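[1] test case, fold it:
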Amino acid sequence: MEYKNINSTGSALHTEFEQGPYIKIERVESVSWDTPASNVLKDEGNPCETRSGRRSKPLLTIVDGTFFKILPHKSTHKNLVVLCKKCECEVKGSRFSTTNFVLHLKRKHGKEALNEYELYKKSKSQQHVRVRSQENSNFTQRQFEGLFSRFVVNAMVPFRVVEDKYLRELFQTLNTDKYGLKVPSTYAVAKYTERMFESTKKTLKKLLSNVDYVCITADILSGKRRSFFMVTAHWITETFERKSAALACRRFRRPHTYERIAHKLLGIQQDFGLSSIKIAATVMENGSNFFKTFRSFGVDRALIEKHSSNVFVDDDEIDVQFDREESSSDSESFADAPQPNPGTESAASNFQSSPTQFSCFSHTLNLCCSTDLEAVIHQQTEFATTHKSVMGKCNALWTLATSPETSKILGDALGHTLSRPKETSWNSLYDSLRQILKAESRISQVYRFTITDQPLQLTDSDFTYIREYVECSAPLAELLDILHGEEDVYFGIVMPSLSSLKYKLQQLQQKQWIYCQPVIDCYLNSVQNRFAEFFNISTPLAETATIAAFANPHFKKRWLKCLDSFHHARLLQLFTNAVSECVRIKLEGTSSKAAAEGLAPKYRQFFDFGKEEDTNPNSESNSLAQMQICSYFVNQSLSFNVLNDYPAIKEVFFKTNTILPSSAPVERLFSFVSITNAPEANRLSDETFEMRVVLKANNYQFITN
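    Reported below is the predicted structural model:
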């Protein structure tokens, strides 16, 4: 990596990364009292040696030696004593002001000397501009266009913003023409954005070609006019660092059938050279309707948004909105998708034989907290009455946060506003209720100036209900927060997480509850039913999750005691078989190499020891696998680096833990889509839309020249 010094004479050292179109700041060194003379701006003269022995800040032009000469032995770091070159008189003045020195020229030497100084100062200023222009000559028009294009994409503004007269006036005021820089045209910015996008695709394709295993997350964002198919890729480097990238955000026309989903996903995978062997798994949203669930659960979203004025939506302008309610097929899962008819396209058949596809664990866990609890609310009248009463009063508080007048009262009384629940996340309801609970002692101050109607105010018993609800829900909320992560989340977390969750819910079930016994019973039953395949280890996906947990140094087999003991031997054998297979493949490669490096063929035939006994071809690999596993399990280290001592287990780790348990990463693209599709950035072509979303989502980190 090569760097070039752009401004070696300024107060800051700027360095340019020559391999890219953008300026990179290597470091900034502010000028201090100890700044060497070579780092001082040329038009400010040399620093002065003071009586304290320290270097001073850059000096004024008037005392650079042309009109006044500094007397270092009489000067300090604040004041200067100088000798006038015209009259040999000593003049004292501030180190940072020209007032005394200019007055001396005017009074003692007249207007002619003053004009001479003004001309000299002007020439020095012009000289400085020429020096700066020379120093910035390496900042090319292409680099300028690159920076400007990144601004346009990152700010989510239309390309035509470059034609704005006030923006151009700004650059004219900054005299960019002096440096040979022109404000790029709309066409130039669009072309540069296209080049950045192509560079990103090329870089990602190269990166993914060097990776053994990749996890794909996919989802469909549907709106009233357009739908988009979004895909992200995730892998683990040799240093055990999780990497992620947005691959595509492509227009996806209806109908969203199984065959068309398969065809679209296969096309994106082929664009990036991702074969079925390389893809460890595909994770996708399972497509339940959050909106209806959330409304029937008790949160009055219409009431919350009645006074909200911070969201602008114009159906005539905005083509895409986050709207899953429009069609249940908009984000249908592979698990629930109808099977293709006989004779369908080869893409669908290829997709069926591709690696594991499964629904998002986070979403399934959300259903335990929302849909399943909603059913309990409808079934138990007494509990439903309490729940709806408390939620109605909470809705009244959340409504206060949407009004400018009452929001200020909230802020004054609580020290903060109240967060409102979101339709797409049960976690937000949990967080909002916990926030109300923490403000219990100050809620009465809010009621004093806002909700004076007694039936709408939360009582002590209401707070008891909220406290119990939050305590019962805490294990699920904490697990959801973990699963929504990306960098530190691996498939090996699934089995330990479910085992721990079940244990915590069982412990909570033993407590005495005033109101929320139905809640904890519902949670435990729901988790056991929806994740039965994992607790029973009854599917290949559950077996993969088990192997991934064993191969993760943080868990190993510590979680195994939470499962029924009759599963233990089978699960350990599954792990042994997986490690043994990696050992066998390794042995096949080394045996052929050993044969090539052994005795010459003409000598080998001499050695005859009789008929060899029949042996199991896998016995050697099984033995070596068991040796690695035993040593691995007794090793106390929880670091991923310990896997470097166990090559076969390391291979199993990469193969199984590359998989993400949640589709949360692809759902984060929704925010970029909605911003890009704001009224100011509408009417984008499908290709331009994808470019802008992918570039912003990847934060330009995969752009190379």
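[2] how about the strands in this protein?
    Applying DSSP state E to the chain gives strands spanning 3-5, 15-17, 23-24, 68-70, 79-84, 90-94, 214-222, 227-236, 242-251, 279-284, 356-359.
[3] in TSV: those, plus mean neighbour count, distance to residue 695 and mean pLDDT.
    From N, CA and C alone the C-beta is placed, and that goes for glycine too. Listed next are the strands of the chain as TSV, based on neighbours: other Cβ atoms under 10 Å; distance: least, Cβ to Cβ, whole Å; pLDDT from 0 to 100:
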stretch	mean neighbour count	distance to residue 695	mean pLDDT
strand 3-5	12	25	38
strand 15-17	18	19	34
strand 23-24	14	19	34
strand 68-70	21	54	88
strand 79-84	19	53	89
strand 90-94	16	51	88
strand 214-222	25	18	85
strand 227-236	24	14	89
strand 242-251	21	9	90
strand 279-284	25	24	86
strand 356-359	20	28	74
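[4] of those, which is nearest residue 632?
    Smallest distance to residue 632 across the strands of the chain (Cβ to Cβ): 18.0 Å, for strand 227-236.
[5] so what does that closest one touch, helix or strand wise?
    Helices and strands touching strand 227-236, by 3 or more Cβ pairs under 8 Å, 6 or more residues apart in numbering; DSSP states H and E, are helix 186-209, strand 214-222, strand 242-251, helix 258-271, helix 664-667, helix 669-676.
[6] so what's the residue count around residue 177?
    Residues lying near residue 177 (other Cβ atoms under 10 Å) number 11.
[7] distance of it relative to residue 192?
    20 Å (Cβ to Cβ, to the nearest Å).
[8] show me where pLDDT drops low in this protein?
    Residue ranges of the chain with pLDDT under 70: 1-59, 126-138, 223-224, 285-356, 424, 486, 589-618, 670-683, 705.
[9] for the longest helix seen in it, name the packing helices and strands.
    Assignment by DSSP state H gives helix 99-135 as the longest helix of the chain. If contacts are counted by 3+ Cβ pairs under 8 Å, 6+ apart, helix 99-135 sits against strand 79-84, strand 90-94.
[10] could you check the angle strand 79-84 makes with that helix?
    Counting by axes from the mean of the first three to the mean of the last three Cα atoms, to 10 degrees, helix 99-135 lies at 90 degrees to strand 79-84.
[11] coming back round to it: among the strands of the chain, which is nearest residue 691?
    Using Cβ to Cβ, the nearest of the strands of the chain to residue 691 is strand 242-251, at 9.0 Å.
[12] any idea of the angle that closest one forms with strand 227-236?
    Using the same axes, to 10 degrees: strand 242-251 against strand 227-236 is 160 degrees.
[13] which residues touch strand 242-251?
    By Cβ atoms under 8 Å, 6 or more residues apart in numbering, the list of residues contacting strand 242-251 from outside reads 204, 207, 226-237, 264, 268, 271-272, 486-490, 665, 669, 672-673, 686, 689-690, 693-694, 697-698, 702.
[14] I'd like the helices and strands packed on strand 227-236 as JSON lines, with distance to residue 277 appended.
    As requested, the helices and strands packed on strand 227-236 are exported to JSON lines (distance: least, Cβ to Cβ, whole Å):
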{"stretch": "helix 186-209", "distance to residue 277": "13"}
{"stretch": "strand 214-222", "distance to residue 277": "10"}
{"stretch": "strand 242-251", "distance to residue 277": "18"}
{"stretch": "helix 258-271", "distance to residue 277": "12"}
{"stretch": "helix 664-667", "distance to residue 277": "22"}
{"stretch": "helix 669-676", "distance to residue 277": "26"}
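[15] so which of those is nearest residue 624?
    strand 214-222 (28.1 Å).
[16] can you dump the C-alpha coordinates of that closest one into PDB?
    Provided in PDB are the C-alpha atoms of strand 214-222 (Å, rounded to 0.1, in the frame of the first residue of the first chain):
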ATOM      1  CA  VAL A 214     -21.300 -19.100   2.400                       C
ATOM      2  CA  CYS A 215     -24.700 -18.600   4.100                       C
ATOM      3  CA  ILE A 216     -27.400 -16.800   2.100                       C
ATOM      4  CA  THR A 217     -30.300 -14.800   3.600                       C
ATOM      5  CA  ALA A 218     -33.100 -13.700   1.400                       C
ATOM      6  CA  ASP A 219     -36.400 -12.000   1.700                       C
ATOM      7  CA  ILE A 220     -39.000 -10.200  -0.400                       C
ATOM      8  CA  LEU A 221     -40.100  -6.600   0.200                       C
ATOM      9  CA  SER A 222     -43.500  -5.900  -1.400                       C
END
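[17] need the contact partners of stretch 523-530.
    364-365, 367-369, 372-373, 472-473, 476, 498, 501-502, 505-506, 509, 535.
[18] off-centre distance for it?
    31 Å (Cα atoms, centre = their mean, to the nearest Å).
[19] that stretch: which residues count as buried?
    523-524, 526-528, 530 (16 or more other Cβ atoms under 10 Å).
[20] what about residue 435, how many residues close to it?
    So residue 435, with other Cβ under 10 Å, has 15 neighbours.
[21] starting at the chain centroid, how far to the longest helix of the chain?
    Using Cα atoms, centre = their mean, the offset of helix 99-135 from its chain centre is 53 Å.
[22] next one: stretch 86-93
    That offset, for stretch 86-93, works out to 63 Å (Cα atoms, centre = their mean).
[23] endpoints of that stretch, how far apart?
    17 Å (Cα to Cα, to the nearest Å).
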